[in-house]
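>>> sharing a sequence plus its predicted fold:
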Amino acid sequence: MNHLPLIIKREYLTKVRNKSFIIMTFLSPMIMIALIAVVAYLSQLNNNKERAISILDETGYLSEAFENTDNTTYTILSNVGLADAKNMVKEREDYGLLYISNSDAFDEVAKNVKFYSEETPSLNVISSLERKLEKRLTDLKLQNDGVNIDQINASKTSIDIAQESFEGEKSSKIDNVVKLAFGGVAGYLLFMFIIIYGNMIMRSVIEEKTSRIIEVIISSVKPIQLMMGKIIGTSLAGVTQFIIWMILGGILLIVVSSIFGIDMSQVNTPQQEMMNQAIESDGAQAMAENIIVAIGNLPLTNLVIAFLFFFISGYLLYSSLYASIGAAVDNETDTQQFMLPILMPLILAVYVGMFTVIEDPHGTVSTVFSFIPFTSPVVMLMRIPFGVPLWQQGLSLLLLIGTFVFTVWFAAKIYRVGILMYGKKPTYKELFKWLKY
Amino acid sequence: MNDLLVADSVSKNFGNFKALNQVSIAVPKGSIFGLLGPNGAGKTTLIRIINQITMPDEGSVLLDGQPLKPEHIRDIGYLPEERGLYKSMKVGEQALYLAQLKGLSKTEAKSRLKYWFDKLDIGDWWNKKIQELSKGQAQKIQFIVTVLHRPKLLIFDEPFSGFDPINANLIKDEILQLRDEGATVIFSTHRMESVEELCDHIALLHKSNKVLDGKLNDIKRQYKTNTFEVGLQSANSEQVLSEIKNSFDVLPATFKNLVDDIKLNIKINENTSPNDLLSFLTSKAEVHHFVEVIPSANDIFIQTVTNN
């Protein structure tokens, strides 16, 4: 008798009808969007803050470097001493005072620049001032040595290396960014999915134990059927939730940004700034085109198929372990000791993905970790957009499926014995003994 | 084949612990079979083997002459001692789900559930959640789910725990009726008075071994000590008492009666018939009370377990 569909249906419906599940489904995207909106709004506020900076330039030839912008007003002070200037700036509640003392040599001038302010100045302000001074001083030095600045500016060349694989596939820097984004999202999605829904499966197994229904059920169905039904049913509920999140999130994002007029891309993280600099030379239009081309360049078919396979097997691998933990313990507080060995490889996988794959997607570390079954789903998903030979993908998947079959067998053993054990917190030694029952 | 269920030399080990050691039982068709034993004797393990929840290490179990196979779960209804229901699920949905797991179709399950809900007068519970019911009420649902698919073999492990006397009686009557309709019942309990009341056959497990089995009446016959409980009235009771003591083994007895002066347990040897004793007594005093002492299931249980 195959009861699997019946079990899946029940698990799915109980999950989906659960009040807290419904609330989380609809509340989470709102919270997320609200958070993003607040961050975007605040960082916009921060950038738009107007600053007044006074400059006391004793050399008399450096103040030319400062031109007022929308956010910053420079006031050039003259004919005052340093002490007076400080008082003046304090009274006017300016952001700060840039003091350049005079010397004979440019190098001496460069060494004796100071910034006085009430509070510690922002890093951005200081580096912007430094850049301006450096540029002006360099120009002056060159002029002093009799070099024509215009000539130097004219001689500057910009190089954009066109990348092409031996097979003739073209790629660019944007390609890499797009690849990273695809891989990162896929890997991170799997990570989140495992943690959220793995826990849900574990709790649902514990619930069956604490409500003592398990023996009633188990006299009608095989434990492994119950376990698989639970895993699949919960996962389907998870997929449903994820889809709702994406749709809701998308709608909300559009609505919120149009209402508040906040450009979400203004959320300035340092990485984004770096990215912006990297692609500054291209116009916005060209960039959009490039991104589309880059997406087109991705091995999309391979990506989708590999995503499905690695995602499903990776998820099943971990969720069967979660189910067996649920079976081994009596209540949720006892799960801690068993959670760590599961979380470790998962977190390791994400870190390896974040650092080594970005650095070198085909390096030794990322290659090795994309074969180790417990880290391979996440790491391989991150690597695939960069083009991984099919034999590597196949081998990694084979290893993963082999391990998955083994862990399901292992988990089913633990599950079979564990669900009927009450009242004691098992040790690893006991778990090992259960395998032989 | 008069036995519905035959377990033949079943053994089961958990690591180094032997939970069952060469246990054989035979449950006759249409009987109520008491599976007794102190805590940890191996009853639950045996029941789980019959339900194919665990597999025996050695030995075999035959149901209706065939070795146990997965299809047999349709023929067995099991009410475990550790029982419960999904707390946040509605009564009707849950009963339907469990019935479908036993192989009933949805429509069939629905009509049978309606019959049982009406019979036990709980029709208005259908849309309640289990957590809104009391423990006894939830037990009723569980009982219904256990018997709903009309199994040949019913296994009840402490079926009356959690029931008030009225509902316990109700359930007892249902069990008897099911037996009369042809079901065979295995009944595991520590409450000896219900064993006395219900069981035709018993088997006693102790420390993983079967130490006793057979028809309850046969066993009682084996354990009887030819002792009679008597109540006598006489003008000179002292003299009567000493005369009886000279002829028989005598112990004082306590029972409730209206007038008796002398209350005794009198043991006779095998050559003496109860009639001899009675005529001896009638010649000495007025006999108000004369009953053979039959060992209760409780006595047999305690005696067997402490002697082993």
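On my side now, so go ahead.
>>> what does chain B put close to chain A?
Chain B comes close to chain A at residues B:14-15, B:48, B:51-54, B:70-71, B:73-74, B:76, B:78-80, B:82-89, B:97-98, B:100-103, B:142, B:145, as judged by Cβ under 8 Å from any Cβ of the partner chain. C-betas here are computed from N, CA, C, even on glycine.
>>> narrow those to those in strands?
Among the residues of chain B next to chain A, the residues falling in strands (DSSP state E) are B:14, B:76, B:78, B:79.
>>> thought the second one was touching residue B:153?
Right, residue B:76. Yes. The pair residue B:76 / residue B:153 is scored as a contact, 4.9 Å apart, by Cβ atoms under 8 Å.
>>> of the ones in strands among the residues of chain B next to chain A, buried ones?
B:14, B:76, B:78, B:79 (16 or more other Cβ atoms under 10 Å in any protein chain shown).
>>> need the helix or strand of chain A with the lowest average pLDDT.
Every helix and strand of chain A was ranked by mean pLDDT, DSSP states H and E. The lowest is helix A:270-278, at a mean of 49.
>>> what about residue B:16, how many neighbours?
6 (other Cβ atoms under 10 Å in any protein chain shown).
>>> same deal with residue A:205?
Residue A:205, neighbours per other Cβ under 10 Å, totals 26.
>>> what does the one 5 residues further on give?
The tally of other residues near residue A:210 (other Cβ under 10 Å) stands at 15.
>>> list the residues that contact the closest residue to chain A within the stretch 101-250 of chain B.
Chain A sits closest to residue B:101 of the stretch 101-250 of chain B, with a gap of 4.0 Å, by Cβ to the nearest Cβ. Neighbouring residues of residue B:101 by Cβ atoms under 8 Å, 6 or more residues apart in numbering or on different chains: A:3, A:6, A:217, A:220, A:221.
>>> now residue 109: closest residue in space that isn't a chain neighbour?
All of this refers to chain A. Setting aside the residues directly before and after it, residue A:109 is nearest to residue A:103 in space (Cβ to Cβ, 6 or more residues apart in numbering or on different chains), at 5.0 Å.
>>> you looked at the wrong chain, it should be chain B
Spatial nearest neighbour of residue B:109, chain neighbours left out: residue B:99 (3.7 Å); criterion: Cβ to Cβ, 6+ apart.
>>> confidence score at that neighbour?
Looking at residue B:99, its pLDDT reads 92.
>>> name all residues that make contact with it.
Residue B:99 sits next to B:109, B:112, B:113, B:145, B:148, B:149 when contact means Cβ under 8 Å, 6+ apart.
>>> helix, strand, or coil at the closest residue to chain B within the stretch 101-250 of chain A?
Residue nearest to chain B within the stretch 101-250 of chain A: residue A:212 (3.2 Å; Cβ to the nearest Cβ). Here residue A:212 is recorded as coil under DSSP: H, G, I helix; E, B strand; the rest coil.
>>> the nearest residue to it once chain neighbours are set aside: neighbour count?
Leaving aside its chain neighbours, residue A:212 sits nearest to residue B:84 (3.2 Å; criterion: Cβ to Cβ, 6+ apart). Neighbour count for residue B:84, taken as other Cβ under 10 Å: 20.
>>> residue B:84 contacts residue A:217, correct?
No. The pair residue B:84 / residue A:217 is not scored as a contact, 10.3 Å apart, by Cβ under 8 Å.
>>> any chance you could map the helices in chain B?
Under the criterion DSSP state H, helices of chain B are mapped to B:43-50, B:91-101, B:106-119, B:135-147, B:165-180, B:192-198, B:216-223, B:237-247, B:274-284, B:297-307.
>>> so which residues make contact with the fifth one?
Applying Cβ under 8 Å, 6+ apart, the set of residues contacting helix B:165-180 from outside is B:30-32, B:120, B:136, B:139-140, B:143, B:147, B:154, B:156, B:159-160, B:163, B:185, B:187, B:194, B:197-198.
>>> dump stretch B:178-186 to PDB, restricted to CA.
Coordinates of each C-alpha in stretch B:178-186 appear next as PDB, following Å, rounded to 0.1, in the frame of the first residue of the first chain:
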ATOM      1  CA  LEU B 178     -16.900  -6.800  18.400                       C
ATOM      2  CA  ARG B 179     -15.800 -10.200  19.700                       C
ATOM      3  CA  ASP B 180     -19.300 -11.500  19.200                       C
ATOM      4  CA  GLU B 181     -19.300 -10.200  15.600                       C
ATOM      5  CA  GLY B 182     -16.200 -12.300  14.900                       C
ATOM      6  CA  ALA B 183     -13.200 -10.300  15.800                       C
ATOM      7  CA  THR B 184     -10.300 -11.700  17.800                       C
ATOM      8  CA  VAL B 185      -9.000  -9.500  20.600                       C
ATOM      9  CA  ILE B 186      -5.600  -9.300  22.200                       C
END
